[in-house]
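Participant: the amino acid sequence is not available; the structure is as follows:
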Ligand SMILES: *Cc1c(COP(=O)(O)O)cnc(C)c1O
């Protein structure tokens, strides 16, 4: 099968020529001074992107590695943990947390909704045994955002640590690890940064390190170990194992492009693309999946599937007939997603996504107002303020 003409997925997103060139740089010995300098520089850049002065560890594996490592490092048998579930990734975090023997409480809402920070505060008021709150910022499969800016300070006021899955939000929506009192944050390079998928970029506060130190079950001498990174790399300059040199070069190039553009400009670019996309969806006569537009993530638009269609049918048709790769629901519900994440926020990409979804629905027998949708979306796009390109 030929390659897609347009990748409008919710990650991995398509890397720039500059990132691809960096990925293709000559591979070096990992203790070469030039590589060591690169690795240290990348830590600094990730700190800027996560907005933290705390430690950052660059784990060598897709973001699920960092998430599982963080869950197993922080949670211990009998510990009171509050897991917030508004989608597939929050649900999955609960399985890891429970498998540590922690006493896991959950606040779960429908997957087209977000967790109310007031409910979190109320729960923590009446459950003083909770020591850790886990939350997903952007629940990518359902296209929603949890209000981590409010949940972080609420957790801190109650003396709890936070574990935040910000894999798919950073770069596309405001995120402040230190200002929001977030203890462990896990970012993936393959979403808004449009880098390779092979690393977990993890911030760790002093408070989190203290809790991990005290956890006899925290992974040690393990691929999942955060402590190995601190003890061997941060303290002694020895890698726990060989990092993928190419991924490090690729992720650094992706970070450079984000920092050169500026985080604020990147966030604005995502917000504007989201507005264009959602304006078009509604004007076409399709329905947004999220129950309220305020909780919709600027990085991806989830569209409720018209009755009678499945996400597999829609995605297959859009890909085969029009060369456009969309994202499915990953089990979040009856929805299809247009990613406007990283490079697909630019230019006419959101319009291409709308055309692919609209015309696919029409081809499959569902009446949609494609012309009206595109017209409204183009009006929204034309009224956008220019952002750095
Ligand atoms: C992409 C993503 C991850 C990484 O998980 P994969 O299933 O391996 O892509 C984790 N959390 C969130 C919220 C994500 O969007």
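Facilitator: Received the coordinates, thanks. All values derive from a computational prediction rather than experimental measurement.

Participant: going forward, measure contacts between C-alpha atoms and count neighbours the same way
Facilitator: Will do.

Participant: separation between residue 40 and residue 221?
Facilitator: Taking CA to CA, to the nearest Å as the measure, residue 40 falls 22 Å from residue 221.

Participant: ok, residue 276 next?
Facilitator: Counting by CA to CA, the gap from residue 276 to residue 221 is 48 Å.

Participant: where do the helices sit along the protein?
Facilitator: 17-23, 33-50, 63-74, 88-99, 117-126, 148-157, 206-213, 226-228, 235-236, 245-261, 263-283, 311-322, 349-363, 370-382 (DSSP state H).

Participant: pipe these into CSV and attach distance to residue 111 per row.
Facilitator: Converted to CSV, the helices of the chain look like this (distance: least, CA to CA, whole Å):
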stretch, distance to residue 111
helix 17-23, 34
helix 33-50, 26
helix 63-74, 20
helix 88-99, 8
helix 117-126, 16
helix 148-157, 17
helix 206-213, 29
helix 226-228, 31
helix 235-236, 42
helix 245-261, 30
helix 263-283, 18
helix 311-322, 16
helix 349-363, 22
helix 370-382, 26
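
Participant: can I get the ones you listed in JSON lines including mean neighbour count?
Facilitator: Listed next are these as JSON lines, based on neighbours: other CA atoms under 10 Å:
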{"stretch": "helix 17-23", "mean neighbour count": "17"}
{"stretch": "helix 33-50", "mean neighbour count": "17"}
{"stretch": "helix 63-74", "mean neighbour count": "25"}
{"stretch": "helix 88-99", "mean neighbour count": "19"}
{"stretch": "helix 117-126", "mean neighbour count": "15"}
{"stretch": "helix 148-157", "mean neighbour count": "21"}
{"stretch": "helix 206-213", "mean neighbour count": "16"}
{"stretch": "helix 226-228", "mean neighbour count": "23"}
{"stretch": "helix 235-236", "mean neighbour count": "10"}
{"stretch": "helix 245-261", "mean neighbour count": "21"}
{"stretch": "helix 263-283", "mean neighbour count": "24"}
{"stretch": "helix 311-322", "mean neighbour count": "18"}
{"stretch": "helix 349-363", "mean neighbour count": "22"}
{"stretch": "helix 370-382", "mean neighbour count": "19"}
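
Participant: name the nearest residue to the most centrally placed residue in the chain, ignoring sequence neighbours.
Facilitator: By CA atoms, centre = their mean, the chain has its centre lying nearest to residue 168, at 1.3 Å. Using CA to CA, 6 or more residues apart in numbering and skipping residues adjacent in sequence, the residue nearest residue 168 is residue 191, 5.3 Å away.

Participant: can you get me a residue count around that neighbour?
Facilitator: 30 (other CA atoms under 10 Å).

Participant: same deal with residue 109?
Facilitator: 14.

Participant: quick one: it and the ligand, what's the gap?
Facilitator: Going from residue 109 to the ligand by CA to the nearest ligand atom, to the nearest Å gives 16 Å.
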